[in-house]
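Peer 1: sequence and predicted structure, then a few things I'm wondering about:
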Amino acid sequence: MAAPHPVAATPPSPKVSAAPRRGIGSSRDTAGKKTATRRRGYSAATGASQPRVRRVQVVDSHTGGEPTRVVIAGGPDLGEGTVADRLHRFREHHDAFRSAVVNEPRGSDVLVGALLVEPADTSCAAGVIFFNNVGFLGMCGHGTIGVVATLAHLGRLQTGAVRLETSVGVVTAALHPDGSVELTNVPSHRSHRSVSVEVAGLGRVTGDVAWGGNWFFLVTDHGQRLELDNLDSLTNLAWRIRQAVNSQGFPDVDHIELVGPPGRPGADARNFVLCPGRVYDRSPCGTGTSAKLACLAADGKLAEGETWVQESILGSRFTGRFRWLDRGRGIIEPTISGVAHVNAEATLLLDERDPFCWGIR
């Protein structure tokens with residue numbers, strides 16, 4: 001069975017490099033020429049060899065309980081080109097920086113990072129690269145809501161619409177006066193319906209494969225309670241399902257979404273989402289909700305423009321709806337609404353004398 005690939009509502013445009021311009025975000029190291037001698041491990045003032053201490057400015061927030069750490073200064077120089085181009089350079093040449101920002105001892109497995117960069121698309125206010133404890137994410141719904149809230153907190157963004165360039169395309173968000181953020185995600189679709197896989201120790205499990213900015217395998221008939229006191233069982237089950245899905249035809253799937261009835265009135269469903277690093281999403285998951293909307297649309301269970309309220313394992317909620325981009329191909333444009341709260345401003349110190357400077361992996 002062939003592995004799925006994301007599809008766009010319109011043919012992709014050629015990649016166009018843009019000269020650096022002054023904007024909301026920049027990936028260039030802020031130390032500049034004044035610290036050139038220190039970068040070589042030498043202090044001009046004392047003549048003594050000095051280990052370099054790198055300063056990285058971040059703003060932390062959470063969206064429905066799921067944390068986001070936005071790097072606003074001190075990131076690596078990723079050069080020019082699209083955000084996708086620079087994600088490739090980030091992955092190939094600066095993965096230690098990713099680990100330093102989100103992994104222990106400065107972070108935790110659940111933390112999602114967001115590096116602000118200059119957008120190649122000049123219609124965008126910023127570019128953003130998302131990453132987590134084990135690698136990089138194409139898109140992150142809760143993280144985008146966190147980025148918008150962070151830019152507003154810093155006074156770099158006013159209420160209204162904003163476009164952000166991600167590695168999988170441009171997304172549009174709207175910041176409302178009450179602080180809520182409405183995110184129009186990348187085109188989403190279900191690629192395969194009712195896929196059955198053999199899961200070790202469990203037997204056959206059936207689910208849908210869908211794209212919502214990341215690849216998901218969504219399972220409704222799983223026989224588990226979606227409650228916090230059942231986290232160990234949910235995590236174990238979802239991890240085994242992912243291993244089965246990856247080995248039985250869908251290696252690109254890196255999120256498992258277990259769906260069940262809501263825990264409280266007012267929601268349509270509750271989910272448990274296991275992310276790539278074997279940690280669960282505290283929020284209802286923006287890309288996961290988008291994937292769910294694509295499945296509902298394909299099955300005719302949710303009408304265009306109708307509201308769907310998705311509840312997380314914590315009980316936090318996103319509100320979603322969609323419009324058709326290509327009904328024949330099952331491609332939708334999902335819109336997700338949620339709230340992020342900024343809870344810290346910090347300067348991370350990357351001291352090369354620290355044996356865990358680049359994170360505990």
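Peer 2: That came in fine, so what should we check first? Owing to the predicted nature of the structure, the values given are computational and were not obtained by experimental measurement.

Peer 1: could I get the top helix by length along the chain in PDB with only the CA atoms?
Peer 2: Taking DSSP state H as the criterion, the chain has its longest helix at helix 231-247. C-alpha atoms of helix 231-247 as PDB (Å, rounded to 0.1, in the frame of the first residue of the first chain):
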ATOM      1  CA  LEU A 231      -3.300   7.800  30.300                       C
ATOM      2  CA  ASP A 232      -0.900   4.900  30.600                       C
ATOM      3  CA  SER A 233      -3.300   2.500  28.800                       C
ATOM      4  CA  LEU A 234      -4.100   5.100  26.100                       C
ATOM      5  CA  THR A 235      -0.500   5.900  25.500                       C
ATOM      6  CA  ASN A 236       0.500   2.300  25.300                       C
ATOM      7  CA  LEU A 237      -2.400   1.500  22.900                       C
ATOM      8  CA  ALA A 238      -1.800   4.500  20.700                       C
ATOM      9  CA  TRP A 239       2.000   3.800  20.400                       C
ATOM     10  CA  ARG A 240       1.300   0.200  19.400                       C
ATOM     11  CA  ILE A 241      -1.200   1.400  16.800                       C
ATOM     12  CA  ARG A 242       1.300   3.800  15.400                       C
ATOM     13  CA  GLN A 243       3.900   1.100  15.100                       C
ATOM     14  CA  ALA A 244       1.400  -1.100  13.200                       C
ATOM     15  CA  VAL A 245       0.300   1.700  10.900                       C
ATOM     16  CA  ASN A 246       3.900   2.700  10.100                       C
ATOM     17  CA  SER A 247       4.900  -0.900   9.300                       C
END
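
Peer 1: and the residue lying closest to residue 260 once chain neighbours are set aside, what does it touch?
Peer 2: By the measure of Cβ to Cβ, 6 or more residues apart in numbering, the closest residue to residue 260 outside its immediate chain neighbours is residue 226, 4.5 Å from it. Placement of C-beta: from N, CA and C, glycine included. By Cβ atoms under 8 Å, 6 or more residues apart in numbering, the contact set of residue 226 is 234, 258, 260, 263, 270-272, 313.

Peer 1: keep only those of the residues you listed that are in helices.
Peer 2: Per DSSP H, the contacts of residue 226 map to helices at residue 234.

Peer 1: run through the neighbouring helices and strands of the longest helix of the chain.
Peer 2: When contacts are defined as 3 or more Cβ pairs under 8 Å, 6 or more residues apart in numbering; DSSP states H and E, helix 231-247 sits against strand 189-199, strand 203-211, strand 215-219, strand 255-260, strand 269-274.

Peer 1: just the angle for the first one relative to helix 231-247, thanks.
Peer 2: I take that to be strand 189-199. Taking axes from the mean of the first three to the mean of the last three Cα atoms, to 10 degrees, one finds that strand 189-199 is oriented at 100 degrees with respect to helix 231-247.

Peer 1: in CSV, list the C-alpha atoms belonging to strand 189-199.
Peer 2: The C-alpha trace of strand 189-199 is given here as CSV (Å, rounded to 0.1, in the frame of the first residue of the first chain):
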residue,chain,number,x,y,z
HIS,A,189,-8.3,15.7,3.4
ARG,A,190,-8.8,12.0,4.2
SER,A,191,-6.6,9.9,2.0
HIS,A,192,-7.8,6.4,3.1
ARG,A,193,-11.0,5.3,4.8
SER,A,194,-11.4,2.3,7.1
VAL,A,195,-7.8,1.0,7.0
SER,A,196,-7.3,-2.1,9.1
VAL,A,197,-4.0,-3.0,10.7
GLU,A,198,-2.9,-5.8,13.0
VAL,A,199,-1.8,-4.5,16.3
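
Peer 1: list the buried residues for that strand?
Peer 2: Going by neighbour count (16 or more other Cβ atoms under 10 Å), the buried part of strand 189-199 is 189-191, 195, 197, 199.

Peer 1: closest to residue 326 among the residues you listed?
Peer 2: residue 189 (8.5 Å; Cβ to Cβ).

Peer 1: can you pull up the bridge partners for the closest one?
Peer 2: On the basis of DSSP bridges, residue 189 is bridged to residue 211.

Peer 1: and the longest helix of the chain with strand 269-274, angle?
Peer 2: Going by the same axes, to 10 degrees, helix 231-247 makes 70 degrees with strand 269-274.

Peer 1: who touches helix 231-247?
Peer 2: 195, 197-202, 205, 207, 209, 217, 219, 222, 224, 226, 253-254, 256, 258, 272, 274, 278, 280, 313.

Peer 1: repeat that for stretch 320-332.
Peer 2: Counting by Cβ under 8 Å, 6+ apart, residues outside stretch 320-332 touching it are 7, 9, 187-190, 289-290, 292-294, 297-298, 302, 304-310, 333-337.
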